[in-house]
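from the sequence below, what's the structure:
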Amino acid sequence: MSEIKIVPLGAGQDVGRSCVLVSINGKNIMFDCGMHMGYQDERRFPDFSYISPHQGSGSTASETIDCLIISHFHLDHCGSLPYFTENYNYTGPLIMTAPTRAIAPILLEDYRKITVDRYGETDFFTSHQIKSCMKKVRTIRVHETIQVDRDTTVKCYYAGHVLGAGMFLVTVGGTQSVLYTGDYNMTPDRHLGCAWVNRCNPTVLISESTYATTIRDSKRCRERDFLKKVYSVVEKGGKVLIPVFALGRAQELCILVEEFWDRTNLTVPVYFCHGLTEKATNYYKLFITWTNEKIKQTFVNRNMFDFKHISAFDRSYINNPGPMVVFATPGMLHSGMSLNIFKAWCHDPKNMVIMPGYCVAGTMGHKLLNGARKMETDKGTITVNMAVEYMSFSAHADAKGILQLIKNCNPKNVVLVHGEDRKMAFLMDKIKDQFDIPTFKPANGEQIMIPCEQEAYAIISKETFKATRNNGNRFEGMLIRQNNELKLLSKEDAEKLLGLKSHSLNLNYKITLALDLEPSIIMERLHTQLSSIVSEQNRSQFKRQLDGTLNIQSVHITCNIVGDKPVIHVSWNHRDRVIGKTIADILEECRESLITN
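As a prediction, the model looks like this:
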């Protein structure tokens, strides 16, 4: 019995720096290569020492990793990618979707500028390394299956969550498979569809579990409450800060606010960080097929991302008097414009910050949501008097959605990552109760071994299958591997496919009798004996020839005198070896009766 080995290098009982190493059927697959937003030291990276302990020694990660797959462009899933590929010399297959390939380098470069140019970090990647890394990428489409090597295939499924997010089914050797979800959303929203996967029966499902204990109320109720909070603040002259990531929830909430401002004729200014709106619009035009049906149907007549009420934000607007609403990046208040605006507005109780998604431990957003009202910043301690609200517009699956995905894909084992330990334990119990599936929640660096039964599935043609039904459900043929698939072929089909010539093997058996009888008398007695023994199925094929010889299928029975003793000769083709051996055994048992009859 073989085993699948799984080791989280990041996102094990934690949210951030997603990176899971899977060893399956002799192949090592790395899923995601993210960065932890809550750390500013070497802990921001996954533990690459597990793969290559001697960075700069001349050894390469390509010697260990057979394939690297990035699920989507969020930095906690791709933020360490150029650092890994360029510093650890990884040159093997690097797979992601086209939207991820287009957007990831822009987010990586923005984060590099903040980390290196502004804060002076040195142990980080460079602009050149980002470009060099992206040249290695091979893109994959939704529902496309690509052949990575002779034994390994990768199939992409739609994950929702953000533009271009994918779930990936990796099959090795045609028998063992792992479905890695990355981040996914089982609920459709205003601009993206919901995640979908067929009943692919993976050996292991590796699923995110960010909201493992949460079952959300209806999206309509959340949207109504969000708009009420925004309106109540701006009506009283306050300012609303909504920290978001550049693509994803930003577009979702912008569409919501745009429609509300349109209906209510509000004139309060709404802003989005300069430059990101234009980039987002271009990406959604380029990758329109990744959006939901409503966006695709209306896109020709009206681009829903050309906002009438939302304009570009300038840093000089921070201290403008009067109400306003600002969507600013990044979404966890750990750096950038959203943090600068927060520090400027947090003293005024008329203002409000609405956190619309999950915040990683260690970030300013996480501290706020956990009740902190005095915060240490690079400019000293600040006191938070503004209102702080959390409203889950996160594009992650909740507990109900995770259970639905498990039901849809029907895995043999489940591994939970990208979640908090306590919440994962709760969800594990639910999975065991509902599906009775072995479930695991490894910590970072913890190795789990999942035993796998060796199974082989072979494709058989309709014609060949019918032939087996007509032959007592017994099939003899050739099992071949072609394009990573096992095929069960008839002899004739296999010979044609492989360009082989058929050879026939005849087997012979002889029985020498210790009696003085003519061969014709012996054959007469044999005919009588065998007629009473041969089964109904073979009786129609049991024939006596004019020369006295007996035939059953390819079994040929004759008798002649060799020296001074009669000898019975039995010969048969190797295809009829079962009945041939049976007849030979019967004749051995008939020696005495042939003498006495």
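
contacts and neighbour counts: CA atoms only from here.
Will do.

what about the nearest residue to residue 347 once chain neighbours are set aside, which SS state?
Counting by C-alpha to C-alpha, 6 or more residues apart in numbering, residue 347 lies nearest to residue 385, which is 4.9 Å off, once chain neighbours are set aside. With DSSP: H, G, I helix; E, B strand; the rest coil as the basis, residue 385 sits in coil.

for residue 385, the count of nearby residues, please.
16 (other C-alpha atoms under 10 Å).

next one: phi and psi at the closest residue to residue 123 other than its chain neighbours?
Once flanking residues are discounted, residue 123 sits nearest to residue 42: 8.0 Å by C-alpha to C-alpha, 6+ apart. Per-residue torsions, residue 42: phi -60, psi -20 (degrees, to the nearest 10).

count of neighbours near residue 42?
Residue 42: 11 neighbours (other C-alpha under 10 Å).

and the residue nearest the centre of the chain, what are its bridge partners?
Closest to where the C-alpha atoms of the chain average out (C-alpha atoms, centre = their mean) is residue 168, at 2.5 Å. Beta bridges link residue 168 to residue 156, residue 180, judged by DSSP bridges.

contact partners for it?
Residue 168 sits next to 71, 154, 155, 156, 157, 179, 180, 181 when contact means C-alpha atoms under 8 Å, 6 or more residues apart in numbering.

just checking, the third one touches residue 144?
Yes: at 5.6 Å, residue 155 counts as touching residue 144 under the criterion of C-alpha atoms under 8 Å.

more neighbours: those two, which one.
Higher neighbour count among residue 155 and residue 144: residue 155, with 19 against 10, using other C-alpha under 10 Å.

check contacts around that one.
142, 143, 144, 145, 146, 168, 169, 170.

OK, contacts around the closest residue to residue 399 other than its chain neighbours?
Closest residue to residue 399 apart from its sequence neighbours, by C-alpha to C-alpha, 6+ apart: residue 212 at 4.9 Å. Residue 212 makes contact with 398, 399, 402, 419, 423, 424, 426, 427 under the criterion C-alpha under 8 Å, 6+ apart.

so which helix or strand takes in the third one?
This points to residue 402. Using DSSP states H and E, residue 402 sits in helix 399-409.

and for the last one?
With secondary structure defined by DSSP H and E, residue 427 is part of helix 421-435.

contacts for the following helix or strand past that helix, please.
Per DSSP H and E, helix 421-435 leads on to strand 439-440 as the next helix or strand towards the C-terminus. Strand 439-440 is touched from outside by 413, 414, 415, 416, 428, 431, 432, with contacts defined as C-alpha under 8 Å, 6+ apart.

give me the contact list for whatever helix or strand comes next after strand 439-440.
Counting by DSSP H and E, the next helix or strand C-terminal to strand 439-440 is strand 448-452. Strand 448-452 has contacts (C-alpha under 8 Å, 6+ apart) with 1, 2, 3, 4, 5, 6, 7, 176, 203, 413, 442.

right, and the second one touches residue 453 too?
What that stands for is residue 2. Yes: assessed by C-alpha under 8 Å, residue 2 is found in contact with residue 453 at 6.7 Å.

which of the two has more neighbours?
Taking neighbours as other C-alpha under 10 Å, residue 2 and residue 453 compare with residue 2 leading, 14 against 11.

these two touch, right, residue 330 and residue 341?
No: in this structure residue 330 lies outside contact range of residue 341 using C-alpha under 8 Å: 11.3 Å.

for the stretch 301-450 of the chain, give me the ranges with low pLDDT.
Within the stretch 301-450 of the chain, no stretch has pLDDT under 70.

do that again at 80, thanks
Within the stretch 301-450 of the chain, the stretches with pLDDT under 80 are 301-306, 358, 360, 378-379, 392, 394.

look up phi and psi at residue 150.
Backbone geometry at residue 150, expressed as degrees, to the nearest 10, gives phi -60, psi -30.

and for residue 208?
Dihedral angles for residue 208 - degrees, to the nearest 10 - are phi -70, psi 160.

that one touches residue 418, doesn't it?
Yes: under the criterion of C-alpha under 8 Å, residue 208 makes contact with residue 418 at 4.9 Å.

what about the two, which has more around it?
A count of neighbours by other C-alpha under 10 Å puts residue 418 above the other of residue 208 and residue 418, at 28 against 25.

let me see the contact set for the more buried one.
So residue 418 contacts 11, 12, 13, 14, 15, 16, 18, 207, 208, 209, 210 (C-alpha under 8 Å, 6+ apart).

next structured bit after whatever helix or strand residue 511 lives in?
In this structure, residue 511 sits in strand 506-512 according to DSSP H and E. With elements assigned by DSSP H and E, the helix or strand that comes after strand 506-512 is helix 519-533.

what residues of that following helix count as buried?
Residues of helix 519-533 classed as buried: 519, 522, 523, 525, 526, 527, 529, 530 (neighbour count, 16 or more other C-alpha atoms under 10 Å).

packing partners of it?
Helix 519-533 is packed against strand 555-562, helix 591-596, with contacts defined by 3 or more C-alpha pairs under 8 Å, 6 or more residues apart in numbering; DSSP states H and E.

for it, C-alpha coordinates in PDB please.
This file holds the C-alpha atoms of helix 519-533, laid out as PDB (Å, rounded to 0.1, in the frame of the first residue of the first chain):
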ATOM      1  CA  PRO A 519      -6.100 -46.900 -32.000                       C
ATOM      2  CA  SER A 520      -9.600 -46.800 -33.600                       C
ATOM      3  CA  ILE A 521     -11.100 -48.800 -30.600                       C
ATOM      4  CA  ILE A 522      -9.300 -46.400 -28.100                       C
ATOM      5  CA  MET A 523     -10.700 -43.400 -29.900                       C
ATOM      6  CA  GLU A 524     -14.200 -44.900 -29.800                       C
ATOM      7  CA  ARG A 525     -13.900 -45.400 -26.100                       C
ATOM      8  CA  LEU A 526     -12.500 -41.800 -25.700                       C
ATOM      9  CA  HIS A 527     -15.500 -40.400 -27.600                       C
ATOM     10  CA  THR A 528     -17.900 -42.200 -25.300                       C
ATOM     11  CA  GLN A 529     -16.100 -41.100 -22.100                       C
ATOM     12  CA  LEU A 530     -15.700 -37.500 -23.100                       C
ATOM     13  CA  SER A 531     -19.300 -37.200 -24.400                       C
ATOM     14  CA  SER A 532     -20.600 -37.900 -20.900                       C
ATOM     15  CA  ILE A 533     -18.100 -35.400 -19.300                       C
END
